[in-house]
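Asks: sequence and predicted structure are below.
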Amino acid sequence: MKSFENTDNKEIEKFDKVSQIWWDLQGEMGTLHVINPLRTRFIMEVLPPNPRILDVGCGGGILSEALAKAGAQVTGLDLSEASLDVARKHAQSQNLQIEYRYESVQQIADEQAGSFDAVACMEMLEHVPEPAKVVAACAKALKPGGRVFFSTINRTPKAFLFAIVGGEYILRLLPRGSHTYSKLIQPRELKSWAGAAGLQFEQLASLIYNPFMRTFKVAPNVEDVNYMAHFKK
C-alpha cells in the first residue's frame, strides 16, 4: 500500500471492505445509484461539451461512469485499491474509457495543475483529516474558469438524526459506520475553504429524501442534510 498525506487509513479500510457492493443496486450502496442522475445533472448542466473531469474519491466508479456516458473525459482517483479494481472491471464491462488512478488529488494537482475543465469531489471531504487541503488541490487542478462540485453532509443535529441514525442504522441507506458526526461539514466552512483557494461560490442545492416514496429531489438554494455546492475558478 502506498503512503499518502492527508489520509485516514481507517476510512480507506472501510471502503476496501465494502468494495464488492458498489454495483449492487439493491445493497447498501443502492442510495448512491438513486441519487447519481441528480448529481450528474447538477455537474453536467453547466459544463461545455466533452469536458475533461477529475472525479476525486471515485470509489467503484458510479459517478465516473455516468459522467463518461454523458460525454465527459473522466479521470477517477481513489485511495482504496479494492474499489479501483472494481471500478476498472465494471468500466471495461461497459466498454467505457475511464482512466482510474491510485493517487491523491494533491499528487494530480501538482502533476497536472490547471488541466481540468471540472472537478467532482462527492461524498469524500468528510472522510479526510484536513478537507481544506483537498479543496485547495481541487482548485489547483482546475483550468482558469473551470468548475468544481462538492457534495457532503451538513453538521447539524438534523443530519445526525437523519443521515447517521436514520440513514445508516434504521433505513440502511448506507453501510453502518460510514460517517462520523464530528467530521461532517457545514456549508459556511466549505465556502470559507473554497474562497481561500481562489474559488467563487456559484450555487448550493440539497438532496431531499422522501422516505415514503424512497426518492430524492434537488432543492436549489437550500442548506439541508445532504448538500451539493458548485464553485468557479
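Replies: Thanks, I have it.
Asks: hang on, G59 in a strand?
Replies: No - assignment of G59 by DSSP: H, G, I helix; E, B strand; the rest coil gives coil, placing it outside any strand.
Asks: what about the closest residue to it other than its chain neighbours, which helix or strand?
Replies: With sequence-adjacent residues excluded and distances taken as Cβ to Cβ, 6 or more residues apart in numbering, G59 is closest to S83, at 5.0 Å. Every residue, glycine included, has its C-beta placed from N, CA and C. Under the assignment given by DSSP states H and E, the secondary-structure element containing S83 is helix 81-93.
Asks: got the buried residues for that helix?
Replies: Residues A82, S83, L84, V86, A87, R88, H90, A91 are the ones in helix 81-93 that count as buried (16 or more other Cβ atoms under 10 Å).
Asks: and the last one, how far from K2?
Replies: It refers to A91. Counting by Cβ to Cβ, to the nearest Å, the gap from A91 to K2 is 22 Å.
Asks: before we move on, the earlier item: adding pLDDT and distance to F150, write the buried residues of helix 81-93 out as a markdown table.
Replies: Rendered in a markdown table, the data for these read as follows (pLDDT from 0 to 100; distance: Cβ to Cβ, whole Å):
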| residue | pLDDT | distance to F150 |
| --- | --- | --- |
| A82 | 96 | 24 |
| S83 | 96 | 19 |
| L84 | 98 | 21 |
| V86 | 97 | 23 |
| A87 | 98 | 20 |
| R88 | 98 | 25 |
| H90 | 98 | 24 |
| A91 | 98 | 23 |
